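1. Sequence first, predicted model second:
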Amino acid sequence: MSRPLRSKLESLQCHFTWDFEIKDKVEAVHILQTLAPKAQHTPHPNRGTYLAMRGYLQHLQGNYKEALDSLREAEGALKRDHPANFSRQALVTYGNYAWVYYRLVNYDMVDLYLGRIHDICRSLSSPEAYSAMIPEIYAQKGWSLLAVGFRNGDEAAECFRKALEVEESNEEFQAGLAVSVYASWTHSPNAEQREEAQKLLEEVIVRQPQNYEAKAYLAQALRDVDTERALCLADDVAQESVNPEVLRIICKLLRPQFLPRTISILKKAIAVDHGYHLLHYDLGLCYLKQLASPPGDVREEAVEAAIESFKRALEMDPSSIFTRLKLAKVYGERSPAYEEEIYLNLMEELPGASNRCQQSIYMNWGDFLLHKKGMKSQALEMYQAAARIPTDHSFERLQLEIRLKKLASMFREDGEMGQARAIYSFLEETGLQQDGWWQRGSWQKSGRAQQ
């Protein structure tokens, strides 16, 4: 039996028909939170895109009234930012309207918005009755993919390239392509992609000297190849930008070496947007890094400040497993019992967590068992469980490899050669250790290795 209304809706180009691969409700909440500073401080005329996407995410939470309010706000932003081609820009927002009203079983309003979309598509001579693949659509999809996560960099770049085929001098599309290529590089680092990202970001900055988002990304891309220029760009952004997310990006570059400066910038960002949880989380990371200082008043102050920062971040984002893991680590400076309590609670919640969160829980719980309780075998079980979880995050896999190799060394030093060999066999089986160097290593030839 045909469903003509549903068929029309599924042919629309909007957030409801684009496949974002949002993993779960926790991720949807996280994206919704990060959209707020994007929409408020974006350097591009794409605020309407973010607001329309906010409406889609609010619908996922069942908040239909808020979703409609966001779509009205998106419509207003599009009228202000794009008075000359509002109807073309509004296609995505109108599509979202139609879907929200469909969920609300308000078919009169569904027909109203489908009618508007049809009229616009006909005026554009589109071969499709309810969609038109125009540059504005590609660009809005590109920005939306990036808002979901930089893992979508390749797909977003393709969207902006298609938009630029029609409007090659459009500065928004050029900036979108530059950010997309940078995003791709962050998820699959290689020299060629880094160079392309640098080239595109440099071109954006020449055309848009006040685009501090592009400067922040360029600073990150230059971090390991031109440190002096990267720090110069970071300083410019820190002094001139009032975008809290851009300031947060710069702090990632500065944090390893310039803690006091980083803390100062994060406090500036928090003054702009106190409700942005990631600012408090990153501030907590800075104080956590200060714990490497010698014992004394400064260290105790850092513990107190870190606990306070992570607690504030959790108040704003109670579902954040990563914040709870960091809070556990800081509590462990005072009371291992509190740290253990947090890990035990997280282990109970493990089945409902994302793969990446599960991996982090296993790793941190393994660290606690190993270093606080001296339980090597139990820690090994946790690290192995983490390694078996499929993820595409190379950093976590590297961290697991490091942990397992250190644990193998500990077993070796204690004369438990069978356990050490088993770990290296496991590393090869799971792809964490490719070259089998342990079989050829000098320790294998030693007297102890023959025991």
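-> Right, received. Where do you want to start?
2. For the residue nearest the centre of the chain, which non-adjacent residue is closest in space?
-> By C-alpha atoms, centre = their mean, the chain has its centre lying nearest to Gly149, at 4.9 Å. Nearest non-adjacent residue to Gly149, counting by C-beta to C-beta, 6 or more residues apart in numbering: Ile31, 7.8 Å away. Yep, even glycine has a C-beta here, placed from its N, CA and C like the rest.
3. and after the one helix or strand the one you found maps to, which helix or strand comes next?
-> Assessed by DSSP states H and E, Ile31 sits inside helix 25-41. Once helix 25-41 ends, the next helix or strand along the chain (criterion: DSSP H and E) is helix 47-60.
4. Tell me the spacing between Ile205 and Thr42.
-> Distance of Ile205 to Thr42, computed by C-beta to C-beta, to the nearest Å: 16 Å.
5. again with Leu350
-> Leu350 is 37 Å from Thr42, by C-beta to C-beta.
6. go on, Arg299?
-> Applying C-beta to C-beta, the value for Arg299 to Thr42 is 40 Å.
7. cool, and Arg122?
-> 31 Å.
8. can you check Glu27 too?
-> According to C-beta to C-beta, Glu27 stands 21 Å off from Thr42.
9. Thr186: neighbouring residues, count only.
-> By other C-beta atoms under 10 Å, 16 other residues sit near Thr186.
10. That one sits in which helix or strand?
-> Using DSSP H and E, Thr186 maps to helix 171-187.
11. same question, Gln220
-> helix 212-222.
12. Can you give me the neighbour number for Glu413?
-> Per other C-beta under 10 Å, the neighbour tally for Glu413 reads 10.
13. meant to ask about Lys199, not that
-> By other C-beta under 10 Å, 12 other residues sit near Lys199.
14. Please apply the same query to Leu288.
-> Neighbour count for Leu288, taken as other C-beta under 10 Å: 21.
15. And for Leu104?
-> 15.
16. Check the spacing between the closest residue to it other than its chain neighbours and Leu407 real quick.
-> Spatial nearest neighbour of Leu104, excluding adjacent residues (C-beta to C-beta, 6+ apart): Tyr64 at 5.8 Å. Relative to Leu407, Tyr64 is positioned 51 Å away (C-beta to C-beta).
17. can you check Cys357 too?
-> Separation of Cys357 from Leu407 (C-beta to C-beta): 22 Å.
18. Could you check which of these two has the larger neighbour count?
-> Counted by other C-beta under 10 Å, Cys357 and Leu407 do not tie: Cys357 has more neighbours, with 23 against 20.
19. pretty sure the more buried one contacts Ser319?
-> No - counting by C-beta atoms under 8 Å, Cys357 sits too far from Ser319 to count as a contact (9.8 Å).
20. do you know how far Leu5 is from Leu12?
-> For Leu5, the distance to Leu12 (C-beta to C-beta) stands at 12 Å.
21. These two: which is more packed in?
-> Comparing Leu5 with Leu12 by other C-beta under 10 Å, the one with more neighbours is Leu12, at 23 against 14.
22. from memory Tyr331 sits against Glu339, does it?
-> Yes - the criterion here is C-beta under 8 Å, and Tyr331 meets it with Glu339 at 5.0 Å.
23. so what's Trp437 scoring on pLDDT?
-> For Trp437, the model assigns a pLDDT of 38.
24. Same check on Ile250?
-> For Ile250, the pLDDT comes out at 95.
25. could we number from 44 for the rest of this?
-> In the new numbering, first residue 44, that becomes Ile293.
26. contacting residues around it?
-> Shown in contact with Ile293 (C-beta atoms under 8 Å, 6 or more residues apart in numbering): Ala259, Ala262, Ala277, Val280, Ala281, Ser284, Ile308.
27. quick check: angle from whichever strand or helix holds Leu321 to helix 68-84?
-> Per DSSP H and E: Leu321 is located in helix 320-333. Counting by axes from the mean of the first three to the mean of the last three C-alpha atoms, to 10 degrees, helix 320-333 points 100 degrees away from the direction of helix 68-84.
28. helices or strands next to helix 320-333 in the packing?
-> If you count contacts as 3 or more C-beta pairs under 8 Å, 6 or more residues apart in numbering; DSSP states H and E, helix 320-333 packs onto helix 68-84, helix 287-297, helix 302-315, helix 340-359, helix 364-374.
29. which stretches of this structure have low pLDDT?
-> Applying pLDDT under 70 to the chain flags the ranges 44-45, 66-68, 336-340, 435-436, 476-494.
30. Just the angle for the helix holding Leu321 relative to helix 302-315, thanks.
-> Going by the same axes, to 10 degrees, helix 320-333 makes 160 degrees with helix 302-315.
31. Alpha carbons of helix 320-333, as PDB, please.
-> Output of helix 320-333 as PDB, limited to C-alpha atoms (Å, rounded to 0.1, in the frame of the first residue of the first chain):
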ATOM      1  CA  HIS A 320      30.200  22.700  29.800                       C
ATOM      2  CA  LEU A 321      33.300  21.900  27.700                       C
ATOM      3  CA  LEU A 322      35.000  25.100  28.900                       C
ATOM      4  CA  HIS A 323      34.700  23.900  32.500                       C
ATOM      5  CA  TYR A 324      35.900  20.400  31.500                       C
ATOM      6  CA  ASP A 325      39.000  21.800  29.700                       C
ATOM      7  CA  LEU A 326      39.700  24.000  32.700                       C
ATOM      8  CA  GLY A 327      39.600  20.900  34.900                       C
ATOM      9  CA  LEU A 328      42.100  19.300  32.500                       C
ATOM     10  CA  CYS A 329      44.500  22.200  33.000                       C
ATOM     11  CA  TYR A 330      44.300  21.900  36.800                       C
ATOM     12  CA  LEU A 331      44.700  18.100  36.500                       C
ATOM     13  CA  LYS A 332      48.000  18.700  34.600                       C
ATOM     14  CA  GLN A 333      49.100  21.000  37.400                       C
END
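32. Which residues does that helix contact?
-> Applying C-beta under 8 Å, 6+ apart, the contact partners of helix 320-333 are 76-77, 287, 291, 294-295, 298-299, 302, 305-306, 309-310, 312-313, 316, 341-342, 345-346, 348-349, 352-353, 355-356, 359-360, 363, 365-366, 369-370, 372-373.
33. are any of those residues buried, and which?
-> The neighbour-count test (16 or more other C-beta atoms under 10 Å) marks 76-77, 287, 291, 294-295, 298, 302, 305-306, 309, 312-313, 316, 345-346, 348-349, 352-353, 355-356, 359-360, 363, 365-366, 369-370, 372-373 as buried among the contacts of helix 320-333.
34. What number of residues are in the vicinity of Glu392?
-> Glu392 has 14 nearby residues by other C-beta under 10 Å.
35. residue contacts, it?
-> Ile364.
36. same check, this time on Glu210
-> Applying C-beta under 8 Å, 6+ apart to Glu210 gives the contacts Pro178, Phe216.
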